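Trainee: Mind looking at a prediction? Sequence and model below.
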Amino acid sequence: MLDLQALDTRLDQIVHRKATLPELAQLKALNTELSACHDDLVRAQTALGDVQREIVKADTDVQLVRERSIRNQKRMDAGQGTAKDLQALQHEVDSLARRQSALEDIELEVMERAEGLGADVSRLEAECAELTARADDLRSVSDKALAELDAEVEQITRSRADVVAGVGDDLVALYEKIRASSGGIGAAVLRQRRCEGCNLELNQVDMNRFTAAAEDEVLRCEECRRILVRTSESGL
Ligand SMILES: [Zn+2]
């Protein structure tokens, strides 16, 4: 009976241990962190993509102005057209030069932004990779711990089947019923007149009755109704 109680207590402990494995809680927290990191990474990658398109556009703008400038310069160098035409050309060349300079400033600014975002992406990639590695480590630790506990459960379940066969169906059924309603303890030792299930001392009337009881009679604590197991230290 007490062997059965010890095995069941251990099974209860394992269930509790599996549910409260610290690695599982850490893994959950880590996964939340990882998910946030991935969100940040996607945001940074999207922003970088946008800026890279801005660079292409700025570059195209600069290129167009530059080509037009070169064309105008060639026409001026060729000296074709009237003085008024040349003056107009000169005016446009000056204006294009200012425009080109402004566009180059924009391009530079966009490239600086791209550089910053590129650094963000690299940093976040490294951060996410590190979190993933830590999560993998934790998962393998918790998987190992769970596998060990499961193996113990299997072993206890086999031992329990043997013990149950020795105890008998009726007594096991009674024990299970008490266990379900008494915090997992269905059977307790009677030690020095005291029930170790509820820790209360038995009165003399009960002690006398227990002393007179047949060896195969199932004794129950009058206070907590648990099955009492007699030993040489029971005080009977
Ligand atoms: Zn009791």
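Mentor: Looks like it came in fine.

Trainee: Spell out which residues of this structure are next to the ion.
Mentor: With Cβ under 5 Å from the ion as the criterion, the chain comes near the ion at residues 195, 197-198, 221, 223-224. Every residue, glycine included, has its C-beta placed from N, CA and C.

Trainee: Assign the residue nearest the centre of the chain to helix, strand or coil.
Mentor: Against the mean C-alpha coordinate of the chain, by Cα atoms, centre = their mean, the closest residue is Lys28 at 1.8 Å. Secondary structure assignment for Lys28 (DSSP: H, G, I helix; E, B strand; the rest coil): helix.

Trainee: What of Asn72?
Mentor: On the three-state scheme (three-state DSSP), Asn72 is labelled helix.

Trainee: Please tell me how far it sits from the ion.
Mentor: 106 Å (Cβ to the ion, to the nearest Å).

Trainee: mind checking how far the host helix or strand of Val189 is from the chain centre?
Mentor: According to DSSP states H and E, Val189 maps onto strand 187-191. Remark: strand 187-191 is offset 43 Å from the chain centroid, using Cα atoms, centre = their mean, to the nearest Å.

Trainee: Sheet partners, orientation included, of that strand?
Mentor: Neighbouring strands of strand 187-191 in its sheet, by DSSP bridges, are strand 194-195 (antiparallel), strand 227-230 (parallel).

Trainee: Adding mean neighbour count and mean pLDDT as columns, could you present those strands in TSV?
Mentor: Listed next are these as TSV, based on neighbours: other Cβ atoms under 10 Å; pLDDT from 0 to 100:
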stretch	mean neighbour count	mean pLDDT
strand 194-195	20	96
strand 227-230	20	96
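
Trainee: Let's have these in CSV, adding distance to Thr132.
Mentor: As requested, the strands paired with strand 187-191 are exported to CSV (distance: least, Cβ to Cβ, whole Å):
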stretch, distance to Thr132
strand 194-195, 54
strand 227-230, 52
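
Trainee: of all these, which lies closest to Ala147?
Mentor: strand 227-230 (34.1 Å; Cβ to Cβ).

Trainee: Confirm that Glu217 lies within a strand, as I assumed.
Mentor: No: counting by three-state DSSP, Glu217 is located in no strand; its state is coil.

Trainee: No further queries at this time; thank you.
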